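# quick one, structure for this:
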Amino acid sequence: MDEKRRAFLENLLSLSTPSGFEMVGQRRWLEYVEPYADETYVDAYGNAVAISKGSADGSDIAIAGHGDEIGLMVRDITDDGFLKLTAIGGSDRTITRGQHVTVHTNDGPLAGVIGQVAIHLRDPAKDEYSEIEAQHVDIGVKDGEAAKERVDIGDPVTLATRVTELADDRLAARGMDNRVGVWTAAETFRRSVERGTDASVYAISTVQEEVGLKGAQMVGFELDLDAVMVVDVTHTSDQPESPDDKGSSVELGGGPVIPRGSSNHPALVEALRTIAADTEIEVQLSATGTRTGTDADVFYTSTGGIPSLSLGIPNRYMHTPVEVIDLADLEAAAELLSVFTTRSDQFSPFEARL
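Sure, this is the predicted structure:
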């Protein structure tokens, strides 16, 4: 990955965008895609769209990722000055205690920690994972009045982490889910525009995926699309604690994952597999018998049915502060999808084949 693309990814990973509070990330994403777009816009809830117009005969193809992340929120402020919490999305109660956090206030970021009783004062035999609602943030103030001068109920809270470079071009960070998806959408868009295509290409960064795929519902009903390629993370099974009954053969560095079944339209599956074979891009397959759990699940039922597919970026330790991805998988995903946009006329119309 070249220096400019790597800097864009790391910049996205440095931002905090819990569901409902995505705007700082959406602004940065638009800054990247605007030079390549004929048109950009943001809707009422913050879904960001960039459009490159093709020929009148070309398909309308969207590449979408979600710009939000899981997080926490201030639920209450105690008389002693501690902040009580609630979750935003699927936050993991088993990893929040003892973490540094940032409270995102109207006056700027405020440092805090999520308290944990010292091991010396606990009975380890009785240790349990407290619900997030039972945990608290300590911002160091003396009482509730001092806390209320700094913090409002409803302020979002994120774990304070950093991007860490691991061996063999792998990165660890909070929020890979789904910074890697919006990075891929933006990078696919750039490559598609520079290559030239008859298709009109839409790059989309949706909001509020982590709380019910809400942004994609809005965008799906607004746009008249021929196909949507959603890019999101997917679980790997290449680490020692992967459960045998829920795992698969997906591994880091094995290439993007093409899912089969559920919302994943067979014509799009066939198109990506064909392109991967033609271009020698390594890909992996997965089975999605029920649902993908991504924005594809609502795009495909919008406006009478939009052919959709959820391309997966292999990701270890999802919904933790140490999600791990392989940069080669991102590059391969952007290349695969940008070739698809330039060759989409070879596979359209994307319809059921009886």
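
# report the secondary structure state of Asp79.
The three-state label given to Asp79 by DSSP: H, G, I helix; E, B strand; the rest coil is coil.

# next, the nearest residue to it once chain neighbours are set aside: phi, psi?
Distance criterion CB to CB, 6 or more residues apart in numbering; nearest residue to Asp79, sequence neighbours excluded, is Gly144 at 4.4 Å. Yep, even glycine has a C-beta here, placed from its N, CA and C like the rest. Backbone torsions for Gly144, taken as degrees, to the nearest 10, come to phi -60, psi -30.

# my read: Gly144 touches Ile77, true?
Yes - Gly144 is in contact with Ile77 according to CB atoms under 8 Å; the separation is 5.5 Å.

# name the residue in these two with the higher neighbour count.
Ile77 (24 against 16; other CB atoms under 10 Å).

# contacting residues for the more buried one?
Applying CB atoms under 8 Å, 6 or more residues apart in numbering to Ile77 gives the contacts 83-84, 144, 147-148, 151, 153.

# domain-wise, how is the protein divided?
With domains defined by automatic domain parsing, the chain comprises 3-69+174-346, 71-159.

# and the end-to-end length of stretch 107-126?
The straight-line separation of the ends of stretch 107-126 (CA to CA, to the nearest Å) is 40 Å.

# hang on, the earlier thing: tell me which of the domains of the chain is the most buried.
Highest mean neighbour count of the domains of the chain: domain 3-69+174-346, a mean of 20 (counted as mean count of other CB atoms under 10 Å).

# that domain - what's its average pLDDT?
Taken as a whole, domain 3-69+174-346 has a mean pLDDT of 96.

# and it, how far from the chain's centre?
8 Å (CA atoms, centre = their mean, to the nearest Å).

# thinking again about what came up before, out of the contacts of Ile77, which is nearest to Asp169?
Using CB to CB, Leu83 comes nearest to Asp169 of the contacts of Ile77, at 38.2 Å.

# okay if I get the domains of the chain as TSV plus distance to Leu354?
Formatted as TSV, these follow (distance: least, CB to CB, whole Å):
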stretch	distance to Leu354
domain 3-69+174-346	12
domain 71-159	39
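
# ranges for the helices of the stretch 201-350 of the chain?
214-222, 266-279, 296-299, 327-343 (DSSP state H, counting those that start in this stretch).

# what's around Asp169, how many residues?
16.

# backbone dihedrals for it, please?
Main-chain torsions, Asp169, degrees, to the nearest 10: phi 60, psi 40.

# if I look at the residue nearest to Asp79, how far off is Gln346?
64 Å (CB to CB, to the nearest Å).

# and Val180, by the same measure?
To Gln346, Val180 is 27 Å away according to CB to CB.

# could you do Asp138 as well?
Applying CB to CB, the value for Asp138 to Gln346 is 59 Å.

# also Asp76?
57 Å.

# now Leu9
On the measure of CB to CB, Leu9 and Gln346 end up 30 Å apart.

# next: Arg28.
From Arg28 over to Gln346 the distance is 34 Å, taken as CB to CB.

# likewise for Ile70?
Look at Ile70 and Gln346: by CB to CB, they are 39 Å apart.

# and if you look at Ala147?
61 Å.

# same thing with Arg97?
Distance, Arg97 to Gln346, by CB to CB: 53 Å.

# what sits up against stretch 43-52?
Contact partners of stretch 43-52, identified using CB under 8 Å, 6+ apart, comprise 22-23, 26, 29-30, 33-34, 36-42, 67, 186, 189, 192-193, 197, 200-208, 214-215, 218-219, 222-223.

# just the CA coordinates for stretch 135-145, please, in CSV.
The C-alpha trace of stretch 135-145 is given here as CSV (Å, rounded to 0.1, in the frame of the first residue of the first chain):
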residue,chain,number,x,y,z
GLN,A,135,-19.5,0.1,34.9
HIS,A,136,-18.4,3.7,35.3
VAL,A,137,-15.9,6.2,33.9
ASP,A,138,-13.6,8.1,36.3
ILE,A,139,-12.6,11.5,34.9
GLY,A,140,-10.8,12.5,38.1
VAL,A,141,-13.2,15.2,39.4
LYS,A,142,-14.2,15.6,43.1
ASP,A,143,-18.0,15.6,42.7
GLY,A,144,-21.0,15.5,40.5
GLU,A,145,-21.1,19.3,40.1
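
# quick check: mean pLDDT of it?
Averaging pLDDT along stretch 135-145 gives 98.

# which residues touch Glu209?
Counting by CB under 8 Å, 6+ apart, Glu209 makes contact with 19, 66, 68, 178, 215-216, 232, 294-295.

# quick one: which of these is nearest Ala56?
Comparing those against Ala56 with CB to CB picks out Ala216 as the nearest, at 27.0 Å.

# now do that closest one against Ala167, distance only.
In this structure, Ala216 and Ala167 are 35 Å apart, going by CB to CB.

# just Glu149 next, same as before
Counting by CB to CB, the gap between Glu149 and Ala167 amounts to 46 Å.

# just checking, Asp297 touches Arg291?
Yes - Asp297 is within contact range of Arg291, at 5.3 Å (criterion: CB under 8 Å).

# mutual contacts of those two, please.
262-263.

# would Leu85 count as being in a helix?
No - assessed with three-state DSSP, Leu85 is strand; it does not lie in a helix.
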